[in-house]
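Chemist: Please work out how this folds:
(chains A, B, C and D)
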2 protein chains.
Amino acid sequence: MAGRPERRPVCLGFPHVPPHAILTALLEKPSSGLELTRRFDRSIGYFWPATHQQIYRELGKLEQAGFIRALPSAQPSRGQKKEFEVLPAGRAELTAWASGEQDTKPVRNALVLRLRAAAVVGRAGLDAELRRHLALHERQLAQYEEIEERDFGAVAGPEDRLRRLVLRAGVGLETFWVQWLQEALAEVEDMEAGGRPGE
Amino acid sequence: MAGRPERRPVCLGFPHVPPHAILTALLEKPSSGLELTRRFDRSIGYFWPATHQQIYRELGKLEQAGFIRALPSAQPSRGQKKEFEVLPAGRAELTAWASGEQDTKPVRNALVLRLRAAAVVGRAGLDAELRRHLALHERQLAQYEEIEERDFGAVAGPEDRLRRLVLRAGVGLETFWVQWLQEALAEVEDMEAGGRPGE
DNA sequence: AGGAGCATGTAATCTGTTACATGATTTG
DNA sequence: CAAATCATGTAACAGATTACATGCTCCT
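Modeler: Alright, predicted model coming up:
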């Protein structure tokens, strides 16, 4: 009966994550959109990937909200590089966000789903797909370990220790997947060889 | 110059994942929308969560595509239970999907991001948040292990072996997070205690 | 001058989420 | 019968992805 209640605009507090990833990156170093994109492809992007389209969109919102501003040096023309820096309000926003709770986004993994599908419609090509993923994760793991060796040889201040923890998460995750894929491959190959009863 | 080329409708091949998760679940056992929702909350949903709204939407699309149909027994009235079963075309679609490659969705993890933010705006409340996540992952791990013990005591046919591999992935993932969080907590506590130079 | 590539940006679409709406069934 | 609950759905929106469009710079 009562008319639909007003729908509050959620944009004020920035409850979602991407803008905070960008604020963090900009506090580490003022950058343009493409520079951010490239830095996301390395470090931060391993745990929160973003394309340049997303980044430009968020930069626009952050600028409009007064959290960042374009460095005066850069012209605002189309193909011109435009660098941003964080304003005090932006730092405050990031601090507020970091003082709250971060919910874990549910995992979505199509390969695992395919295993379940294979239990119903058959395992054709399953071993090849497992091997493909194994190679991918081994490559990613090698890349993480190379970064760790290069950037974190000797432990330094708290900032670096925290950043190293992030990298350790990447190493641990990839290590897990490599192990699990090897286990899965062995199991599937054993099935193909007619290992146990049941088929 | 040249007018925009026709945009192909992507709906024919169902290139995305959710419908295939539903087809798998329906092949295991014909179900209604809410039953599917509950089964997703257990098993499959651990690696591809879906709310009942998503499931109803996908059920509608799958029915329209001729991949599933409502069991004739059920009335098509509003609050009435409506059970679906997979048609041959649906099984073929799932088989085709399972014979292809499954891309890994990029991980999105806000907690790790927060660690990086903490390196820039300070670590206030970080240990509490780490502890909170540790408790969550410990609980999830315990739940997985309980399921494993209950449902997979003795190994049976290939179907169960595959499903067990899925569960092993869950166990391994949670185990990793528990370990990493413990490592991170120790590191952060050491920093608070003024462990090393740099602050 | 012309072309390659850099840099910023727009448009359309799809997936997932949140909030709400409505019909049926059970239970006090 | 009224309230609680089960079950199916609708609407609106936010986040992410893909494809495309446009301006600038540098190099030959």
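
Chemist: export stretch A:60-70 as CSV, just CAs?
Modeler: The C-alpha trace of stretch A:60-70 is given here as CSV (Å, rounded to 0.1, in the frame of the first residue of the first chain):
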residue,chain,number,x,y,z
GLY,A,60,35.9,9.9,-12.4
LYS,A,61,33.7,9.1,-9.4
LEU,A,62,36.6,9.7,-7.0
GLU,A,63,37.3,13.1,-8.5
GLN,A,64,33.7,14.1,-8.4
ALA,A,65,33.5,13.1,-4.8
GLY,A,66,36.5,15.3,-3.9
PHE,A,67,38.7,12.4,-2.9
ILE,A,68,41.3,12.9,-5.6
ARG,A,69,42.2,15.7,-8.0
ALA,A,70,44.1,15.9,-11.3
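
Chemist: what pLDDT, on average, does that stretch get?
Modeler: The average pLDDT within stretch A:60-70 is 92.

Chemist: what's the answer for stretch A:94-104, then?
Modeler: The model assigns stretch A:94-104 a mean pLDDT of 92.

Chemist: Could you check how far that stretch is from the centre of its chain?
Modeler: Stretch A:94-104 sits 16 Å away from the centroid of its parent chain (Cα atoms, centre = their mean, to the nearest Å).

Chemist: Please apply the same query to stretch A:34-45.
Modeler: 10 Å.

Chemist: Establish whether that stretch and DNA strand C are in contact.
Modeler: Yes - Stretch A:34-45 reaches DNA strand C (Cβ under 7 Å from any atom of the strand) through A:34-35. The way it works is simple: take the backbone N, C-alpha and C, and place the C-beta from them, glycine included.

Chemist: any residue of that stretch up close to DNA strand D?
Modeler: No - using Cβ under 7 Å from any atom of the strand, we find that stretch A:34-45 stays clear of DNA strand D, coming within 10.0 Å at best.

Chemist: Kindly report the same for stretch A:97-115.
Modeler: No - interface with DNA strand D: stretch A:97-115 contributes nothing (Cβ under 7 Å from any atom of the strand), its closest point being 7.7 Å away.

Chemist: For that stretch, measure first residue to last.
Modeler: End-to-end distance for stretch A:97-115: 38 Å, by Cα to Cα, to the nearest Å.

Chemist: what comes up buried for that stretch?
Modeler: Of the residues in stretch A:97-115, those buried by neighbour count under the rule 16 or more other Cβ atoms under 10 Å in any protein chain shown are A:97-99, A:102, A:107-115.

Chemist: Apart from its chain neighbours, what residue comes closest to A:Asp41?
Modeler: Once flanking residues are discounted, A:Asp41 sits nearest to A:Pro49: 8.0 Å by Cβ to Cβ, 6 or more residues apart in numbering or on different chains.

Chemist: contacting residues for that neighbour?
Modeler: A:Pro49 makes contacts with A:40-41, B:106, B:108, as judged by Cβ atoms under 8 Å, 6 or more residues apart in numbering or on different chains.

Chemist: and which of the residues you listed is nearest B:Val155?
Modeler: For the contacts of A:Pro49, the closest approach to B:Val155 (Cβ to Cβ) belongs to B:Pro106, at 33.6 Å.

Chemist: I am finished for the moment; much appreciated.
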